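A.B. asks: need coordinates for the following:
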Amino acid sequence: VRTQIRRRRFQQKLRANYETSLSMALTDTLTGLYNRRYLNVHLDKLLKTPADIRKPMAVLLFDLDRFKAINDTHGHAIGDDVLRIFAERLRQRMRSFDLLARTGGEEFIAVLVDVSVERACYVAERLRRAIASEVFKVSGGIDPLTVTTSIGVAYISGEQTTIEDAIKRADAELYN
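C.D. replies: This next block holds a predicted model:
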């Protein structure tokens, strides 16, 4: 019985370590959102679905405006606070089945499935306003910061496309 109990505890530790490792491999440690690796795998699966059964989707690319100035002025710890708050605001305002990922630096991507062009643009504008309308209360004893974001939207319906193309299209729209 003692051996079986030890074996069971050992298996539980192995499972916990495996789940922790898997979580670390798929999520951004700062924000808790999915990382680029997970985004690429998930979006690739969505894009490889046959066109006749694939639901239309939108790729939203978020870029925090003047984020470098925040880091330069207030330091990286404050910049990290801003990224965490930004990620949480996005998470709270997105549907539970939409994919939200931090792809690096101050760039975030959301993948909205089964949406129209109008709905995707509406969601992007609603998110942009929600971010800008409330100040970011950061640590460090400084005044709350006003942070804004720019959003590029790439809409994908029946056409075949790649991950790189979808992200490039959203990036191009970011600056329009």
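
A.B. asks: from now on I want contacts and neighbour counts done on CA atoms only, so please keep to that.
C.D. replies: Noted.

A.B. asks: can you pull out the low-pLDDT segments for the chain?
C.D. replies: 52 (pLDDT under 70).

A.B. asks: spatially central residue for this structure, please.
C.D. replies: Centroid check for the chain by Cα atoms, centre = their mean gives residue 101 as the closest residue, at 2.2 Å.

A.B. asks: now for that one, which secondary structure element holds it?
C.D. replies: strand 99-104 (DSSP states H and E).

A.B. asks: output the longest helix belonging to this structure.
C.D. replies: helix 2-26 (DSSP state H).

A.B. asks: what does the very next helix or strand once past the strand holding residue 101 contact?
C.D. replies: Using DSSP H and E, the helix or strand that follows strand 99-104 in sequence is strand 107-113. The contact list for strand 107-113, computed with Cα atoms under 8 Å, 6 or more residues apart in numbering, reads 43, 55-64, 98-103, 120.

A.B. asks: where does the closest residue to residue 150 other than its chain neighbours sit: helix, strand or coil?
C.D. replies: Of all residues not flanking residue 150 in the chain, residue 63 sits nearest, at 5.4 Å (Cα to Cα, 6 or more residues apart in numbering). Classification of residue 63 using DSSP: H, G, I helix; E, B strand; the rest coil returns strand.

A.B. asks: can you tell me how far the residue of the chain most remote from its centre is from residue 32?
C.D. replies: Relative to the C-alpha centroid of the chain, counting by Cα atoms, centre = their mean, residue 1 is the outermost residue, at 47.1 Å. As judged by Cα to Cα, to the nearest Å, residue 1 and residue 32 stand 40 Å apart.

A.B. asks: ok, now residue 144?
C.D. replies: Applying Cα to Cα to residue 144 and residue 32 gives a distance of 23 Å.

A.B. asks: please say which of those two ends up with more neighbours.
C.D. replies: residue 32 (16 against 12; other Cα atoms under 10 Å).

A.B. asks: surely that one forms part of a helix?
C.D. replies: No - read with three-state DSSP, residue 32 is coil and lies in no helix.

A.B. asks: distance check, it against residue 138.
C.D. replies: 18 Å.

A.B. asks: go on, residue 118?
C.D. replies: Distance from residue 118 to residue 138, by Cα to Cα: 34 Å.

A.B. asks: looking at the two, which one has more neighbours?
C.D. replies: residue 138 (18 against 10).

A.B. asks: tell me who's in contact with the more buried one.
C.D. replies: So residue 138 contacts 78, 81, 82, 144, 145 (Cα under 8 Å, 6+ apart).

A.B. asks: helices and strands around whichever strand or helix holds the second one, which ones?
C.D. replies: Secondary structure from DSSP H and E places residue 81 in helix 76-93. Under the contact criterion of 3 or more Cα pairs under 8 Å, 6 or more residues apart in numbering; DSSP states H and E, helix 76-93 touches helix 67-74, helix 117-133.
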